[in-house]
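In: compute the structure for the input listed below.
(one chain, ligands or ions: 1)
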Amino acid sequence: MSTAGNQDNSQQRNRILALEAAARPLDPDHAEREALLTTAHEYAQRLLEELPDRPTYGHDKSAALRIRDLPVGGAPRGIDELLHRVDESVVGPGIMPAHGGHLGYIPGGGIYSAAVADYVAAVTNEYAGVWFAGPGCVEMENLVLGWMAELIGYPAGHAGNLASGGSVASLIAVVTAREAAGLRSRDYERAVVYSTSHAHHCLSKALRVAGMGEAVHREVPLDERFRLRPDALTALVREDRERGLKPWLVIGSAGTTDVGAIDPLPAIARIAKTEGLWFHVDAAYGGFFAMVESVRSRLAGMELSDSIVLDPHKALFLPYGTGAVLVRDGDHLSNAHTYDAHYMQDAASDERELRAPAALSPELTKHFRGLRVWLPLMLHGVEPFAACLEEKLELARYFRTRMEAFGFEVGPEPELSVVTYRWVPERGDANAFNRALIEATHVDGRVFLSSTTIDGVFVLRFAALAFRTHLEHADLAIAILRDCVAELEAQPERWALA
Ligand SMILES: *Cc1c(COP(=O)(O)O)cnc(C)c1O
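Out: Model prediction:
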């Protein structure tokens, strides 16, 4: 090689080494890792210890905007300063889902062992999409999905996927149902979907995202406890067939978001079978309650569905980012999601790839979600999860009884862990009063409650599902509601003006 060539070569080598040195902060050494993690760990410890004294709901959200004070692309900052910003701008304002006082919507989880699993998943950064690259990830994900399938009672032959949440899991189910029925775009306007008005909105969204926004969506009438009426379903399906439409999909809920109602799943399954409909069950909230012996029978019929969604980031108490879909006949799931690509040729020939996440969902590269499900279940066993869910069922009953005793109007005895209630003032508009009541609890912020409107009636909700929600939170919620009612009764100008 010429001298000039050698010189070029060494110049290039020096440039590469200089870039390596400049990028070195991305790969901290032992001591630097220790320092980062210790600071983050100390922050987490302090936060969890302070939790009982911190509000569940930060009503003043102005601190969130201070995130903008630190623009991306500026000088590097220290971990202390950055975690301080996180605490002030992220953890403080709005709802703190890690708090036991979170009693609104359907609360989430955040168990510590899953956070540790996420840390390990991120450090190893294992590839969970295909068996060829991450055989252990795929096996682990399928193992935990198999456990869920067994819990709901699916026979062998099922397949499933750990998606990012219940909504994406529902989208996967809808696309699978569409492909299984062989629907093509020319059929969409005649395809009919059946659900009650209490079905979760993520299913309408999934239909639209799946390109089926023009499908006919029938609202099946409800019984007095907000459950689908099977007789009405049968009548609607027959009418639609007579009209030349194509009844396609029926959605049953195993725990609605509003009131926790469980649709009559066995009856819906029978109709679906007779009428040739795909039966999807939304068990995002309620499915894992099958772990509790005393309510198991109430959830019977889940095993008769063609597809089902469960949300481990709700009733399995995991941090946000995990929803599960299961399909009874796993071939339908893989038929709807398999792919072919020349750069995937190393993996293509293995049968096991047909039961790997990349062939069962819209994702290719994905977070290694299996570890955050597997590690907690293996570390703790399933018993503590079942106990925690049973505690929530009891808390909901306890709350309802106490509220009724204090003169609140309460909704039906809960099938799961959601209670609805309202205060009916002696004079004036009850809806206006209860709107002011929920607002007053939000300003207080020690617990977080949410509201909904059922048949034009504004009601408050108590949803016990956060794993840190205990008796003390139910008692605190009751005390706050009583105090707020007393204040509002004494100050009618706060709600009765209109
Ligand atoms: C939360 C919920 C969903 C949506 O799940 P995400 O995880 O929020 O996307 C769907 N159905 C029911 C019954 C739910 O409670």
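In: okay, now the domains of the protein?
Out: Following automatic domain parsing, the chain resolves into domains at 13-96, 118-380, 383-494.
In: what's the end-to-end length of stretch 339-347?
Out: This stretch, stretch 339-347, spans 12 Å end to end (C-alpha to C-alpha, to the nearest Å).
In: if we can go back for a sec, among the domains of the chain, which is the most enclosed?
Out: Highest mean neighbour count among the domains of the chain (mean count of other C-beta atoms under 10 Å): domain 118-380, with a mean of 20. The C-beta positions use only the backbone N, C-alpha and C, and glycine is treated the same way.
In: up against the ligand, what does the chain have?
Out: The chain comes close to the ligand at residues 106, 165-167, 200, 202, 255, 257, 282, 284-285, 311, 323, as judged by C-beta under 6 Å from any ligand atom.
In: ok, then the element right after the worst-scoring helix or strand of the chain on mean pLDDT?
Out: Lowest by mean pLDDT, DSSP states H and E among the helices and strands of the chain is helix 345-348, with a mean of 76. Going down the chain from helix 345-348, the next helix or strand is helix 370-380, by DSSP states H and E.
In: quick one: list the elements packing against that following helix.
Out: Judged by 3 or more C-beta pairs under 8 Å, 6 or more residues apart in numbering; DSSP states H and E, helix 370-380 is in contact with helix 112-124, helix 135-152.
In: including mean pLDDT, could those helices go into TSV?
Out: As requested, those are exported to TSV (pLDDT from 0 to 100):
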stretch	mean pLDDT
helix 112-124	98
helix 135-152	98
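In: contacting residues for the closest residue to the ligand within the chain?
Out: Nearest residue of the chain to the ligand (C-beta to the nearest ligand atom) works out as Gly166 at 2.4 Å. Going by C-beta atoms under 8 Å, 6 or more residues apart in numbering, Gly166 touches His200, Cys202, Asp282, Ala284, Val309, Leu310, Asp311, Lys314, Gly323.
In: residues contacting the strand or helix carrying Leu389, please?
Out: Secondary structure from DSSP H and E places Leu389 in helix 383-405. Contact with helix 383-405 is made by 288-289, 291-295, 315-317, 377, 410-411, 413-414, 416-419, 421, 462, 464-465, 467, 469-471, 474, 477-478, 481, as judged by C-beta under 8 Å, 6+ apart.
In: in strands only, show me these.
Out: Val410, Val418, Val419, Tyr421, Phe462 (DSSP state E).
In: show me what the third one is bridged to.
Out: Each beta-bridge partner of Val419 is listed here: Phe462, as defined by DSSP bridges.
In: surely it is in contact with Phe462?
Out: Yes - using C-beta atoms under 8 Å, Val419 is in contact with Phe462, at 4.5 Å.
In: check which helix or strand covers His313.
Out: Going by DSSP H and E, His313 is in helix 312-315.
In: for that helix, packing partners?
Out: strand 323-327.
In: and the angle from the strand it packs on to helix 370-380?
Out: Relative orientation of strand 323-327 versus helix 370-380 (axes from the mean of the first three to the mean of the last three C-alpha atoms, to 10 degrees): 100 degrees.
In: distance between strand 323-327 and the chain's centre?
Out: In terms of C-alpha atoms, centre = their mean, to the nearest Å, the centre of strand 323-327 is set 12 Å apart from its chain centre.
In: ditto for stretch 407-425
Out: The answer for stretch 407-425 is 24 Å, by C-alpha atoms, centre = their mean.
In: what is the mean pLDDT for that stretch?
Out: Mean pLDDT, stretch 407-425: 97.
In: same deal with stretch 229-237?
Out: On average, stretch 229-237 scores 98.
In: could you give the separation of it from the chain centroid?
Out: Distance, stretch centre to chain centre, for stretch 229-237: 30 Å (C-alpha atoms, centre = their mean).
In: what lies in contact with it?
Out: The contact list for stretch 229-237 (C-beta under 8 Å, 6+ apart) reads 192, 194, 218, 220-223, 247, 250, 264, 267-268, 270-271, 275, 277.
In: before we move on, what about stretch 271-282?
Out: 166, 170, 173-174, 177, 180-181, 194, 199-200, 203, 230, 233-234, 237, 247-254, 265, 268-269, 287, 301-302, 304-309.
In: shouldn't Ala215 be in contact with Ala206?
Out: No - assessed by C-beta under 8 Å, Ala215 is found out of contact with Ala206, at 11.1 Å.
In: how long is stretch 325-332 end to end?
Out: Terminal residues of stretch 325-332 are spaced 12 Å apart (C-alpha to C-alpha).
In: for Met96, what are its contacts?
Out: With contact taken as C-beta under 8 Å, 6+ apart, Met96 is in contact with Leu51, Arg54, Pro55, Thr56, Tyr57, Gly58, His102.
In: for Leu207, same thing?
Out: Residues near Leu207 by C-beta under 8 Å, 6+ apart: Val174, Val193, Gly213, Ala215, His217.
In: make CSV from these and add pLDDT and secondary structure to it.
Out: CSV is the format used below for the contacts of Leu207 (pLDDT from 0 to 100; DSSP: H, G, I helix; E, B strand; the rest coil):
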residue, pLDDT, secondary structure
Val174, 98, helix
Val193, 98, strand
Gly213, 97, coil
Ala215, 98, coil
His217, 97, strand
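In: next, Asp60: secondary structure please.
Out: Following DSSP: H, G, I helix; E, B strand; the rest coil, Asp60 is assigned to coil.
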